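Engineer: Any chance you can model this:
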Amino acid sequence: MVLFVLAYLGGVLTIVSPCILPVLPFVFARADRPFVRNGVPMLVGMAVTFAVVATLAAVAGGWAVKANQYGRAAAIMLLAMFGLTLIFPRLADHLAKPFVTLGARLSQSVEHADATQQSGLLPSLLLGVATGLLWLPCAGPVLGLILSGAALRGASIGTSLLLLAYAAGAATSLALALLVGGRVFAVMKRSLGVGEWVRRGLGAAVLVAVATIALGLDAGFLTRVSIASTAWLEQGLLDRFGSTSSTTEAQTQPSVVMSGNSTMMMKAKATAKVEDLPIEGALPALSGAVEWLNSPPLTTDGLKSKIVLVDFWTYSCINCLRAIPYVRAWAEKYKDQGLVVIGVHTPEFAFEKDLNNVRTAVSELKIGYPVAIDSNYAIWRAFSNHYWPAHYFIDGQGHIRHHHFGEGDYDESERVIQQLLAEAGNANVSADVVSVNALGAEAAPDMGNVRSPETYVGYDRAEHFVSPGGAVKDNRHNYTVTSPRLNEWGLSGDWTIGKEYAVLNKEGGSIVYRFHARDLHLVLGPAPHGRPVRFRVTIDGAPPGASHGADADADGQGVVTRQRLYQLVRQSGAIGDRKFEIQFLDPGVQAYAFTFG
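Structural biologist: The predicted model follows:
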């Protein structure tokens with residue numbers, strides 16, 4: 001019941017959300033018309049649009065996002081036409097011709113104030129659809145929770161009712177705006193007698209609104225300057241009441257921690273001693289994986305009497321790569337004594353959802369134990385997990401008895417495995433621990449010398465970017481960079497910086513980073529269609545020599561052939577502040593994130 005109230009209140013609050021402000025002019029443009037024949041159809045059209053998009057989210061996931069973007073573009077065109085007909089009545093007929101099914105009746109109803117009630121139904125309904133399409137992308141965290149729940153859990157009566165409650169809230173606030181707006185417009189027309197200019201003014205306001213939305217300023221500039229932001233109100237409602245229902249687990253993006261060098265990630269773990277392993281909960285269901293590698297799908301019932309280690313990982317995570325040699329060794333050492341290791345591959349970047357990419361990584365990493373492909377975060381959410389890597393230890397009765405987040409403490413983790421195997425009746429459990437001699441990116445880090453943090457290149461999480469002028473989001477730009485200070489970085493050349501990664505548009509571009517660590521890694525992807533991209537690495541302006549990483553030679557040369565983590569530097573001498581630069585000799589490379597070790 002609480003979630004239905006939250007959904008309704010979230011819908012009500014959207015009327016004063018800053019990114020809905022550009023939509024209001026064309027809502028008020030019809031506020032002087034009869035509410036039943038004009039307002040109600042608009043509200044119905046908006047509510048239907050909410051239902052359609054939610055259904056697409058439940059059925060088609062990512063495809064729905066693309067479909068909604070197409071709908072958004074169509075809505076912008078529709079509303080621009082509406083604004084032009086308000087300003088230039090003589091153009092209405094000409095503008096209507098290419099859009100017979102949508103534009104003609106809409107233009108006529110807007111053009112003629114004395115149109116019949118029936119003629120106002122279709123344009124009002126279409127405006128409602130357009131309003132809904134524009135409203136959806138910025139409707140706040142409550143709608144995001146409902147839509148992601150539908151996408152992750154599938155279509156259900158529950159999600160449909162939640163959506164209906166949200167639409168009812170939005171319709172309530174919009175109905176009030178229409179009713180009040182009608183009175184305001186009536187007063188304006190009686191007192192000023194300038195109805196024609198009011199209509200043209202509304203047309204101009206609609207065109208400004210359409211331009212604002214088309215340029216993306218509705219979700220950016222307006223959010224920054226408006227005092228009417230409601231996200232904090234909606235999020236406050238979720239924080240206050242959301243924990244009372246399990247539906248809050250289905251948020252659009254899971255809260256995660258992944259760091260290539262964090263001391264916390266090296267040491268974060270349960271405080272229980274090995275000899276004291278209390279029950280922390282039951283092993284959740286392992287359903288929801290889109291695919292299983294090295295095994296048919298495993299179930300909690302089928303794992304009864306087995307000791308289970310669940311390892312959450314993703315293949316471009318340096319922390320995960322350094323933990324995998326130990327997980328492999330445990331799987332091999334204890335497989336005949338009842339240990340089942342399950343790797344749960346939960347992606348951070350979009351390319352890690354590509355099953356072929358994961359298959360290749362599993363093969364190269366020589367992982368022979370079962371791997372659940374958790375691209376939709378179903379298992380991640382079932383465990384309420386927040387970390388890469390994360391290890392959960394389950395006893396023979398299906399109870400979680402221990403967990404460990406991040407790297408390190410491998411001996412203690414193995415002692416937990418030994419204790420659980422002994423509890424299950426294994427009399428000859430080995431008392432020693434494995435010794436791992438990993439190479440390349442899997443080798444243990446030099447934590448005493450790591451003073452540089454994991455750094456993302458995409459603007460969504462980028463920090464310490466020092467190219468003059470800052471990042472130009474989602475557009476080509478020529479960047480320069482000179483001498484960054486420690487942990488600062490920048491781009492040089494023609495780049496487009498997106499939310500998740502930056503792509504090089506023209507050969508010769510480079511990335512510069514001043515770091516302090518033994519190892520430097522960079523997650524990279526090739527050009528479109530897998531075209532390889534050559535690169536050259538320098539340290540303090542010179543080839544790395546003996547300090548080259550596994551993916552570069554002594555001259556600093558290498559090739560980006562697929563989307564993965566590349567080890568570019570492993571210093572062989574004294575560790576100090578170094579200026580790293582990677583220059584790309586071909587266009588199209590994708591740069592995601594730096595990690596250190």
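Engineer: make it CA atoms for all contacts and neighbour counts henceforth
Structural biologist: Will do.
Engineer: is it true that residue 578 touches residue 515?
Structural biologist: Yes: with contact defined as C-alpha atoms under 8 Å, residue 578 counts as touching residue 515 (5.5 Å).
Engineer: Compare the two and say which one has the larger neighbour count.
Structural biologist: Between residue 578 and residue 515, residue 515 has the larger neighbour count (other C-alpha atoms under 10 Å), namely 24 against 18.
Engineer: Roughly how far does the more buried one sit from residue 467?
Structural biologist: Residue 515 is 16 Å from residue 467, where distance means C-alpha to C-alpha, to the nearest Å.
Engineer: And residue 437, by the same measure?
Structural biologist: Residue 437 is 40 Å from residue 467, by C-alpha to C-alpha.
Engineer: neighbour count winner among those two?
Structural biologist: More crowded of residue 437 and residue 467, by other C-alpha under 10 Å: residue 467, with 20 against 10.
Engineer: Check for me that that one belongs to a helix.
Structural biologist: No: counting by DSSP: H, G, I helix; E, B strand; the rest coil, residue 467 falls outside a helix, being coil.
Engineer: For this protein, which strand extends over the most residues?
Structural biologist: The residue-count maximum for a strand in the chain (DSSP state E) belongs to strand 489-497.
Engineer: Averaged pLDDT, it. What do you get?
Structural biologist: Mean per-residue pLDDT for strand 489-497: 98.
Engineer: Stretch 168-186 now?
Structural biologist: 65.
Engineer: My understanding was that residue 445 contacts residue 597; is that so?
Structural biologist: Yes: Residue 445 is within contact range of residue 597, at 4.4 Å (criterion: C-alpha under 8 Å).
Engineer: between these two, what contacts are shared?
Structural biologist: Common contact partners of residue 445 and residue 597 (C-alpha atoms under 8 Å, 6 or more residues apart in numbering): 518, 519.
Engineer: Looking at the two now, which is surrounded by more residues?
Structural biologist: Taking neighbours as other C-alpha under 10 Å, residue 445 and residue 597 compare with residue 597 leading, 29 against 20.
Engineer: That one reaches residue 448, doesn't it?
Structural biologist: No: applying C-alpha under 8 Å, one finds residue 597 not in contact with residue 448, separated by 9.4 Å.
Engineer: so residue 9 touches residue 166, yeah?
Structural biologist: Yes: taking contacts as C-alpha under 8 Å, residue 9 lies within contact range of residue 166: 7.4 Å.
Engineer: Those two: who's more crowded?
Structural biologist: Applying other C-alpha under 10 Å to residue 9 and residue 166 shows that residue 166 carries more neighbours, namely 27 against 21.
Engineer: What strand or helix carries that one?
Structural biologist: helix 157-192 (DSSP states H and E).
Engineer: Touching, residue 551 and residue 570? I think so.
Structural biologist: No: look at residue 551 against residue 570 with C-alpha under 8 Å: they stay out of range, at 10.2 Å.
Engineer: By average pLDDT, which secondary structure element in the protein comes out worst?
Structural biologist: helix 221-225 (a mean of 36; mean pLDDT, DSSP states H and E).
Engineer: For residue 403, grab phi and psi.
Structural biologist: When read as degrees, to the nearest 10, the backbone of residue 403 gives phi -150, psi 160.
Engineer: Nearest residue to it in space, please, no chain neighbours.
Structural biologist: Spatially, and ignoring its direct neighbours in sequence, residue 403 is nearest to residue 392 (4.4 Å; C-alpha to C-alpha, 6 or more residues apart in numbering).
Engineer: Surely residue 319 forms part of a helix?
Structural biologist: Yes: counting by three-state DSSP, residue 319 is located in a helix.
Engineer: how about low-confidence regions in the stretch 451-597 of the chain?
Structural biologist: Residue ranges of the stretch 451-597 of the chain with pLDDT under 70: none are present.
Engineer: Run through the strands of it in chain order.
Structural biologist: Along the stretch 451-597 of the chain, counting by DSSP state E, counting those that start in this stretch, strands occupy 455-456, 476-479, 489-497, 502-504, 510-515, 519-525, 533-539, 557-560, 564-570, 578-584, 590-596.
Engineer: now the ones you listed in TSV, with distance to residue 418?
Structural biologist: Shown next, in TSV, are these (distance: least, C-alpha to C-alpha, whole Å):
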stretch	distance to residue 418
strand 455-456	37
strand 476-479	55
strand 489-497	45
strand 502-504	46
strand 510-515	40
strand 519-525	33
strand 533-539	45
strand 557-560	42
strand 564-570	33
strand 578-584	43
strand 590-596	32
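Engineer: of all those, which lies closest to residue 352?
Structural biologist: strand 564-570 (8.7 Å; C-alpha to C-alpha).
Engineer: what's the angle between that closest one and strand 590-596?
Structural biologist: Here strand 564-570 runs at an angle of 50 degrees relative to strand 590-596 (axes from the mean of the first three to the mean of the last three C-alpha atoms, to 10 degrees).
Engineer: hmm, who's touching strand 564-570?
Structural biologist: Contacting residues not belonging to strand 564-570 are listed as 315-318, 440-441, 518-525, 537, 544, 547-552, 556 [C-alpha under 8 Å, 6+ apart].
Engineer: residues in contact with the closest residue to residue 447 other than its chain neighbours?
Structural biologist: In space, and not counting its chain neighbours, residue 447 is closest to residue 597: 6.5 Å by C-alpha to C-alpha, 6+ apart. Counting by C-alpha under 8 Å, 6+ apart, residue 597 makes contact with 260, 261, 444, 445, 446, 447, 450, 517, 518, 519, 520.
Engineer: go on, residue 450?
Structural biologist: So residue 450 contacts 261, 516, 517, 518, 596, 597 (C-alpha under 8 Å, 6+ apart).
Engineer: can you do 6 Å?
Structural biologist: Neighbouring residues of residue 450 by C-alpha atoms under 6 Å, 6 or more residues apart in numbering: residue 517.
Engineer: where does it sit relative to residue 545, distance-wise?
Structural biologist: Distance from residue 450 to residue 545, by C-alpha to C-alpha: 21 Å.
Engineer: ok, now residue 366?
Structural biologist: 29 Å.
Engineer: Neighbour count: these two, which is higher?
Structural biologist: The neighbour comparison of residue 366 against residue 545 (other C-alpha under 10 Å) goes to residue 545, with 17 against 12.
Engineer: pretty sure the more buried one is touching residue 552, no?
Structural biologist: No: look at residue 545 against residue 552 with C-alpha atoms under 6 Å: they stay out of range, at 9.8 Å.
Engineer: The stretch 201-350 of the chain: strands as residue ranges?
Structural biologist: Along the stretch 201-350 of the chain, counting by DSSP E, counting those that start in this stretch, strands occupy 281-282, 291-293, 307-313, 339-345.
Engineer: between the following helix or strand past the last one and strand 564-570, how big is the angle?
Structural biologist: Same thing as strand 339-345. Note on strand 339-345: by DSSP H and E, the next helix or strand toward the C-terminus is helix 355-364. Orientation of helix 355-364 against strand 564-570 (the same axes, to 10 degrees) gives an angle of 50 degrees.
Engineer: So what touches helix 355-364?
Structural biologist: Residues contacting helix 355-364 (C-alpha under 6 Å, 6+ apart): none.
Engineer: hey, C-alpha coordinates of that helix in PDB?
Structural biologist: Extracted C-alpha coordinates of helix 355-364, given in PDB (Å, rounded to 0.1, in the frame of the first residue of the first chain):
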ATOM      1  CA  LEU A 355      27.800 -12.700 -24.200                       C
ATOM      2  CA  ASN A 356      30.600 -13.200 -26.700                       C
ATOM      3  CA  ASN A 357      32.900 -10.800 -24.800                       C
ATOM      4  CA  VAL A 358      32.200 -12.700 -21.600                       C
ATOM      5  CA  ARG A 359      32.800 -16.100 -23.200                       C
ATOM      6  CA  THR A 360      36.200 -14.900 -24.500                       C
ATOM      7  CA  ALA A 361      37.100 -13.500 -21.100                       C
ATOM      8  CA  VAL A 362      36.100 -16.800 -19.300                       C
ATOM      9  CA  SER A 363      38.300 -18.700 -21.800                       C
ATOM     10  CA  GLU A 364      41.300 -16.500 -21.500                       C
END
